[in-house]
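[1] the sequence isn't on hand, but the structure is:
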């Protein structure tokens, strides 16, 4: 076995040098083959072929929907509009303008003889589902949850539905439910900004005046596939990345043995989730940044090291695969597009190959940098290359860290109108262990704390078990912030908690 990111000792992919290696005979120096660099291409409008494939980041959602898990990938956002006589007709017109501007909101994803495809609907054929309902504040949560729970048929439905929930003549909650195959987290900014611009224009009886988008999501997809090449070409970037991942994940445990609850009767929705809030103050934040600076790493890498250690102790396994999301918007022309560019990358961490905290952070740094360099392999294709049941998840635990927005998500509206995002109350857990964290800084750039939540499926874990895991993770983080740099078993023993000394000792023995 080898440490992903530090290179292989036999023929294969050498991540340290970015080359493929092969030995011609024992004792010889390996021959190095560097895949031919793809042509330097800039995203630009392109002629549209008859078949437009999915972007790499879309494939996992499409396959999940085919397996009956479409609703797990619904993204819901709700905005409360208050002001003098909210114009519901103008809101409907604004949604039509929004769908016309951003093609992914009117794209269907059928299976074809050439594989899954993107098919952008003509504006004349678009029939947007808008539910208008008068409801009270007490009914709001249930109504939003019902809208968010309905699955999309990606082959036939548009991936957007809207609800206009009228609470009064001057108060409306606009709920948008979009399938993740058509949006990512960074899409919410341009989507809401353009929707408000369109609403204000329609309310005034004009058309929205916004700068035209330089390219479309279809242009991006074709550009991305041109960059990657074909999997049938052994020297393409696509094959190069697939080979890296097949090597990096070979021989790992297919499933982590987590302390799950007994199956309940009747069984619960496997994706119904719950949240546990997590927060670290500015002192802890500053301590983590010091450790990151000392190890030439990032704050995310330090948190990911603590997360991997907590997962390893939780699963009693020294070989853990965790994951994170990469934004995928690798060109400035993509900044204002609505679409799904983000994808997950697995990070295999060998806890038994790190004697102390410094070595663990160094390993996570190498693994993360190698993963960032290979972000485009679709999970369904990678699963077929691994010696594991393709029905098993590629990973069970994920941690995502994002920088707090300097400006609020809600755009500035008219003087007589206020717009505020409201919580939807919808919690879907697609993985066993999920942290979503945000690091915050004061106006001078000093660390101001880290906060977020831990998300878990209630069908898999009870509340007490989930909280024990969160407590272990937060205890590890705080010790790292306080300057602990010693052996990992001692760190685990110190963070095991009074209620589980046996578990801590057993986990420590695994890691020795």
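    Structure's in. What do you need? Predicted, not measured: the structure shown is a model, and the values here were computed from it. Residues are numbered from 1 along each chain as shown.

[2] tell me which other helices or strands the strand or helix carrying residue 245 touches.
    Using DSSP states H and E, residue 245 maps to helix 237-248. Counting contacts by 3 or more CB pairs under 8 Å, 6 or more residues apart in numbering; DSSP states H and E, helix 237-248 is packed against strand 12-14, helix 217-228, helix 379-383. C-beta: built from backbone N, CA, C; applies to glycine.

[3] want to try CSV for these, with mean pLDDT, distance to residue 164 and mean neighbour count as columns?
    CSV is the format used below for the helices and strands packed on helix 237-248 (pLDDT from 0 to 100; distance: least, CB to CB, whole Å; neighbours: other CB atoms under 10 Å):
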stretch, mean pLDDT, distance to residue 164, mean neighbour count
strand 12-14, 42, 52, 21
helix 217-228, 94, 26, 20
helix 379-383, 89, 36, 18
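
[4] among those, which is nearest residue 460?
    Residue 460 lies closest, by CB to CB, to one member of the helices and strands packed on helix 237-248: helix 379-383, at 20.1 Å.

[5] past that closest one, which element shows up next along the chain?
    Beyond helix 379-383 on the C-terminal side, the first helix or strand identified by DSSP H and E is strand 397-403.

[6] any idea of the mean pLDDT in that following strand?
    For strand 397-403, mean pLDDT is 95.

[7] would you turn the helices and strands packed on helix 237-248 into TSV with distance to residue 112?
    Below are those laid out as TSV (distance: least, CB to CB, whole Å):
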stretch	distance to residue 112
strand 12-14	33
helix 217-228	15
helix 379-383	17
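
[8] between the ones you listed, which gets nearest to residue 73?
    helix 379-383 (13.1 Å).

[9] neighbouring contacts of the closest one?
    Residues from elsewhere that reach helix 379-383, judged by CB atoms under 8 Å, 6 or more residues apart in numbering: 59-60, 63, 231, 242, 245-246, 249, 344, 390, 392, 394.

[10] ok, now with 10 Å
    Residues outside helix 379-383 that contact it (CB atoms under 10 Å, 6 or more residues apart in numbering): 56-57, 59-60, 62-64, 66, 231, 238, 241-242, 245-246, 249, 323, 343-346, 389-395.

[11] run through the chain and note the low-pLDDT ranges.
    Low-confidence segments of the chain (pLDDT under 70): 1-41, 406-414, 497-512.

[12] please name the nearest non-neighbouring residue to residue 331.
    residue 43 (5.4 Å; CB to CB, 6 or more residues apart in numbering).

[13] can you give me the neighbour number for that neighbour?
    By other CB atoms under 10 Å, the residues close to residue 43 number 21.

[14] does it really touch residue 220, like I thought?
    Yes - with contact defined as CB atoms under 10 Å, residue 43 reaches residue 220; the gap is 5.8 Å.

[15] any common contacting residues for the two?
    Common neighbours of residue 43 and residue 220 (CB under 10 Å, 6+ apart) are 331, 333-334, 337.

[16] buried among the contacts of helix 379-383? Make that a ChimeraX selection.
    Buried members of the contacts of helix 379-383, defined by 16 or more other CB atoms under 10 Å, are picked up in ChimeraX with:
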select :56,57,59,60,62,63,64,238,241,242,245,246,249,323,343,344,345,346,393,394,395
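
[17] next secondary structure after the helix holding residue 245?
    Scanning onward from helix 237-248 (DSSP H and E), the first element met is strand 273-280.

[18] which strands or helices does the next helix or strand after that next one pack on?
    Using DSSP H and E, the helix or strand that follows strand 273-280 towards the C-terminus is helix 282-294. Helices and strands touching helix 282-294, by 3 or more CB pairs under 10 Å, 6 or more residues apart in numbering; DSSP states H and E, are helix 299-315, helix 357-372, strand 433-441, strand 447-457, helix 463-481.

[19] pick the most deeply packed of those.
    With neighbours taken as mean count of other CB atoms under 10 Å, the helices and strands packed on helix 282-294 reach their highest mean count in helix 299-315, at a mean of 26.

[20] that helix vs helix 357-372, what angle?
    110 degrees (axes from the mean of the first three to the mean of the last three CA atoms, to 10 degrees).

[21] ok, back up a step: which one of the helices and strands packed on helix 237-248 lies closest to residue 188?
    helix 217-228 (15.4 Å).

[22] how much space separates residue 394 from residue 370?
    16 Å (CB to CB, to the nearest Å).

[23] count of residues packed around the closest residue to residue 329 other than its chain neighbours?
    In space, and not counting its chain neighbours, residue 329 is closest to residue 341: 5.0 Å by CB to CB, 6+ apart. By other CB under 10 Å, 23 other residues sit near residue 341.

[24] correct me, but residue 341 touches residue 181?
    No - if you go by CB under 10 Å, residue 341 and residue 181 don't touch, sitting 11.6 Å apart.

[25] doesn't residue 174 lie inside a helix?
    No - the assignment for residue 174, made by DSSP: H, G, I helix; E, B strand; the rest coil, is strand rather than a helix.

[26] now it: how far from residue 91?
    6 Å.

[27] more neighbours: these two, which one.
    The neighbour comparison of residue 174 against residue 91 (other CB under 10 Å) goes to residue 174, with 24 against 21.

[28] report the beta-bridge partners for the more buried one.
    residue 79, residue 164 (DSSP bridges).

[29] again with residue 323
    residue 346, residue 398.

[30] in contact with the most centrally placed residue in the chain, which residues?
    With distances taken as CA atoms, centre = their mean, residue 325 lies nearest the centre of the chain, 4.2 Å away. Neighbour list for residue 325: 57, 184-185, 342-345, 375, 398-402, 436 [criterion: CB under 10 Å, 6+ apart].

[31] got it, and residue 436?
    185, 275, 278, 325, 398-402, 451-455.

[32] go on, residue 286?
    Contacts of residue 286 (CB under 10 Å, 6+ apart): 446-449, 481.

[33] if we use 7 Å, what do you get?
    residue 447 (CB atoms under 7 Å, 6 or more residues apart in numbering).

[34] what's the distance between it and residue 482?
    11 Å.

[35] do residue 288 as well
    Distance from residue 288 to residue 482, by CB to CB: 10 Å.

[36] then residue 375?
    34 Å.

[37] which one's more surrounded, these two?
    The neighbour comparison of residue 375 against residue 482 (other CB under 10 Å) goes to residue 375, with 18 against 11.

[38] my read: that one touches residue 343, true?
    Yes - if you go by CB atoms under 7 Å, residue 375 and residue 343 touch, sitting 6.3 Å apart.

[39] between these two, which contacts overlap?
    326, 328.

[40] quick revisit: could I get the contacts of residue 325 as CSV with distance to residue 85?
    Shown next, in CSV, are the contacts of residue 325 (distance: CB to CB, whole Å):
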residue, distance to residue 85
57, 41
184, 35
185, 33
342, 38
343, 43
344, 45
345, 48
375, 48
398, 44
399, 45
400, 40
401, 42
402, 37
436, 37
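
[41] closest one to residue 417 out of those residues, please.
    residue 185 (25.6 Å).

[42] next, give phi and psi for the nearest residue to the closest one once chain neighbours are set aside.
    Nearest residue to residue 185 in three dimensions, chain neighbours excluded: residue 342, at 6.6 Å (CB to CB, 6+ apart). Per-residue torsions, residue 342: phi -80, psi 140 (degrees, to the nearest 10).

[43] do you know how far residue 342 is from residue 84?
    38 Å.

[44] higher neighbour count, the two?
    residue 342 (19 against 11).

[45] how near is that one to residue 55?
    Counting by CB to CB - residue 342 and residue 55 are separated by 11 Å.

[46] for residue 291, same thing?
    36 Å.
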